[in-house]
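*Asks:* missing the sequence, but the structure's below:
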């Protein structure tokens, strides 16, 4: 996965997740929406055949980059939890 930042500010970032569609974009967005420091988050696919998710994130309190990194860590924890559950279920 590659991230291309289009705008970077203290409490506002716009970036593309290159090669990612709704599947991962929805997961990341759901973690960002749950964060009390997020004022606004949205993403869009500029074209139905596009493989890049374009995000806009505005925060309050914490810097946008920090909120984004923390959300990514929560996504990673969810994936590890799923992997652990699968390992137990498939033994």
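*Replies:* Received the coordinates, thanks. Predicted model, so just to flag it, every value in this text is computed and none were measured. Numbers count the residues shown, from 1 in each chain.

*Asks:* from here on, contacts and neighbour counts on C-alpha atoms
*Replies:* OK.

*Asks:* which helices and strands sit right next to the helix or strand containing residue 17?
*Replies:* Residue 17 belongs to strand 12-18 when assigned by DSSP states H and E. Applying 3 or more CA pairs under 8 Å, 6 or more residues apart in numbering; DSSP states H and E, one finds that strand 12-18 contacts strand 2-8, strand 52-59, helix 64-89.

*Asks:* What I need now is those written out in a markdown table, including mean pLDDT, mean neighbour count and distance to residue 16 for each item.
*Replies:* Converted to a markdown table, the helices and strands packed on strand 12-18 look like this (pLDDT from 0 to 100; neighbours: other CA atoms under 10 Å; distance: least, CA to CA, whole Å):
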| stretch | mean pLDDT | mean neighbour count | distance to residue 16 |
| --- | --- | --- | --- |
| strand 2-8 | 96 | 12 | 5 |
| strand 52-59 | 97 | 21 | 4 |
| helix 64-89 | 96 | 14 | 13 |
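
*Asks:* how about those in CSV, adding distance to residue 35?
*Replies:* Converted to CSV, the helices and strands packed on strand 12-18 look like this (distance: least, CA to CA, whole Å):
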stretch, distance to residue 35
strand 2-8, 19
strand 52-59, 9
helix 64-89, 8
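
*Asks:* if we can go back for a sec, what angle do the strand holding residue 17 and strand 2-8 make?
*Replies:* Angle of strand 12-18 versus strand 2-8, following axes from the mean of the first three to the mean of the last three CA atoms, to 10 degrees, is 160 degrees.

*Asks:* buried ones in strand 12-18?
*Replies:* For strand 12-18, burial by neighbour count (16 or more other CA atoms under 10 Å) applies to 12-17.
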